[in-house]
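Participant: Provided below are the primary sequence and the corresponding predicted coordinates.
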Amino acid sequence: MDKHKKINKTIFTLSIIEGILIIFFLAYLLTYSIVVGGDALYISPVLFIALFFMVLIPIGLFLYYLGIKFRKRNLYKFELEDVTIAKMSKKLDKKQKRKRFSDLLELDVNEPEVVKNITFDEVNSLEAFTNAFRNFCASRKKLYYAIDDIRSFIASLLTSKTMILQGMSGTGKTSIALAFEEFIGNPTTVIAVQPVWKERSDLLGYYNEFTKKFNETPLLKELYRSNFSDQIFIIVLDEVNIARIEYYFAEFLSLLEYPNIEQRTIEITNDSWPKDPKLLIDGRMQIKRNVYFLGTANNDESTFSISDKVYDRAMIMNLNKKAKEFESIDQGPIKISNENFENLAKLALNTYSNYDKIDEMANKLNKILIEFFQITFGNRMMNQLKNYIPIYIACGGEEMEAFDDFVYKKILRKLENKDALKVSNAISPFIEELNKIFGTNEMKKSKKYLTRFEVK
């Protein structure tokens, strides 16, 4: 029972009591006038008391009742509005509690219809696909890349689901990712990393207790959308090292390495509501194999250094100079499915037959790396090397070219964390050993990279 009903009930009770008192005083006055006499009644204080109860109190109660009615309509207006708002808020809370993911629920409705209209082109050659992409960049986007950079880009995507694009500003780090998404016909999501990011909720969003809604970030929506089709989804983390990537991206670094798709699920919420999006199972969402992360990195005083944990898991592409313009044929988009894309990589791995040679080269290199620099590489990097070389060759490259490219980007970069003077003193004898093992005309990128550590 609310406050106003209680007041009305009180007034009604008092009125009944007053009625009983009036009857009592009427009976009392009648008895008094008979016993004492009517003349004595006029001067008796009892008369005035009776009149007070019989006349003034009922009038006061009546006026008070009218006042309560008036106050209920006017003076309590704001209080009543607050009550109304509170009731509406409760209803809104219940409604929102049923649907906390408005954007994802919209994708549940719309995306299946979009997927129905997607048709994929059939690609039978990684080399042809690589050349087509380079021509597309030149003819449609006026972006010019050296063929070895394009081979490295495609081979790196197929070696790891994470790639770091680094180099000087203006060399086309973000542009190559945007051109690739246009080439394959699926818009790329570019996410500007913020300096304050520290955890995965900065990427995936969080539940807002005030609005009763989940803050659905662009990444969350793109990851959810990737579950509806086999398109390739390229997600660009722009200025990936303006915050510590090993903090906010740590869970993805582990998940993307799992070969079993059933293990590649990430927690979005710690509970499950009946009206949650259909692809959130017990608050978790699957990260499919058609998702690739590309991070652009600048190395200056405003950024953090990227840790070995990230470098060891991600492939690296260095863009340190602009390529010269060249004549290209006009090339349109090729909408390739992720299954087709990965099958081309599997074909390259199955047809390559020199894995023993890779082991031999890696062991010889590892021996002199330990001798001169006290650095080595483990099983993860060895597995990447055995994937990268065959895929790079399938893109049209050479075996030693691929080996050299991998070594200087993934292994020799570890020298940056070593004592500069000791590294400088060991450069010349190390290069002599490289020449003995691989020949003076091989490992050119690695040798050029090593010269940056020489103290003159």
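Facilitator: On my side now, so go ahead.
Participant: going forward, measure contacts and count neighbours with C-alpha atoms only.
Facilitator: Fine.
Participant: give me the number of residues near the residue nearest to Phe249 when sequence neighbours are not counted?
Facilitator: If you skip the residues right next to it in sequence, Phe249 has Arg200 as its closest partner in space, 6.2 Å away by CA to CA, 6 or more residues apart in numbering. For Arg200, the tally of surrounding residues (other CA atoms under 10 Å) stands at 17.
Participant: By mean pLDDT, which helix or strand of the protein comes out lowest?
Facilitator: helix 77-98 (a mean of 50; mean pLDDT, DSSP states H and E).
Participant: Check which element follows that helix along the chain.
Facilitator: Following the chain from helix 77-98 toward its C-terminal end, the next helix or strand by DSSP states H and E is helix 102-116.
Participant: domains in the protein, as residue ranges please.
Facilitator: Residue ranges for the structural domains of the chain, counted by automatic domain parsing, are given in the record as 3-75, 112-333, 352-456.
Participant: Now do the SS call for Ile336.
Facilitator: When the structure is reduced to helix, strand and coil (DSSP: H, G, I helix; E, B strand; the rest coil), Ile336 reads as coil.
Participant: if I pick it, what's in contact with it?
Facilitator: Contacts for Ile336 were tallied using CA atoms under 8 Å, 6 or more residues apart in numbering; they are Phe120, Asp121, Glu122, Val123, Ile184, Gln231, Ile232.
Participant: would you say Ile191 is within a strand?
Facilitator: Yes. The assignment for Ile191, made by three-state DSSP, places it in a strand.
Participant: Over to the closest residue to it other than its chain neighbours. Which of the three states is it?
Facilitator: Computed as CA to CA, 6+ apart, the closest residue to Ile191 that is not its neighbour in sequence is Leu237, at 5.0 Å. Using three-state DSSP, the secondary structure recorded for Leu237 is strand.
Participant: hang on, Leu237 packs against Phe293?
Facilitator: Yes. Leu237 is in contact with Phe293 according to CA atoms under 8 Å; the separation is 7.2 Å.
Participant: Output stretch 103-112 as CSV, restricted to C-alpha atoms.
Facilitator: Output for stretch 103-112, consisting of C-alpha atoms alone and laid out as CSV, is shown next (Å, rounded to 0.1, in the frame of the first residue of the first chain):
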residue,chain,number,x,y,z
ASP,A,103,24.1,-4.7,-32.5
LEU,A,104,24.9,-8.4,-32.4
LEU,A,105,21.3,-9.3,-32.4
GLU,A,106,20.8,-7.2,-35.5
LEU,A,107,23.6,-9.2,-37.1
ASP,A,108,21.7,-12.4,-36.2
VAL,A,109,18.9,-11.1,-38.3
ASN,A,110,20.6,-9.3,-41.2
GLU,A,111,23.9,-11.2,-41.8
PRO,A,112,22.4,-14.6,-42.9
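Participant: Please work out which residues outside that stretch touch it.
Facilitator: Outside of stretch 103-112, the residues within contact range by CA under 8 Å, 6+ apart are Glu216, Lys221, Tyr224, Arg225, Phe228, Asp276, Pro277, Lys278.
Participant: Please determine how far the second one is located from Met381.
Facilitator: So the one you mean is Lys221. Using CA to CA, to the nearest Å, one obtains 32 Å as the distance from Lys221 to Met381.
Participant: who's more crowded, the two?
Facilitator: Taking other CA under 10 Å, Lys221 and Met381 do not tie; Met381 has more neighbours (19 against 15).
Participant: Check which helix or strand Thr296 maps to.
Facilitator: strand 291-297.
Participant: So in terms of bridging, what pairs with the nearest residue to Ser226 once chain neighbours are set aside?
Facilitator: Setting aside the residues directly before and after it, Ser226 is nearest to Phe233 in space (CA to CA, 6+ apart), at 6.7 Å. Beta-bridge partners of Phe233, counted by DSSP bridges, are Val291.
Participant: wouldn't Phe233 be in contact with Leu294 here?
Facilitator: No. Counting by CA under 8 Å, Leu294 is not a contact partner of Phe233; they are 10.6 Å apart.
Participant: Find the helix or strand that Asn166 is a member of.
Facilitator: Small correction: residue 166 is Gln, not Asn. strand 162-167.
Participant: Tell me what angle the following helix or strand past that strand forms with strand 162-167.
Facilitator: Once strand 162-167 ends, the next helix or strand along the chain (criterion: DSSP H and E) is helix 173-184. Using axes from the mean of the first three to the mean of the last three CA atoms, to 10 degrees, the inter-axis angle of helix 173-184 relative to strand 162-167 is 130 degrees.
Participant: before we move on, the earlier item: what angle separates the strand holding Gln166 from strand 291-297?
Facilitator: Interaxial angle, strand 162-167 versus strand 291-297 (the same axes, to 10 degrees): 30 degrees.
Participant: let's have the chain start at 42 instead
Facilitator: Let's use 42 as the start, then, which means that last one is strand 203-208.
Participant: For strand 203-208, give the mean pLDDT please.
Facilitator: Rounded to a whole number, the mean pLDDT of strand 203-208 is 92.
Participant: List the neighbours of that strand that are in contact with it.
Facilitator: For strand 203-208, the external contacting residues (CA under 8 Å, 6+ apart) are 197-198, 214, 294, 297, 333-340, 354-361.
Participant: Also stretch 361-368?
Facilitator: Judged by CA under 8 Å, 6+ apart, the contacts made with stretch 361-368 from elsewhere in the structure are Ala179, Tyr185, Tyr186, Ala187, Gln207, Gly208, Met209, Thr212, Gly213.
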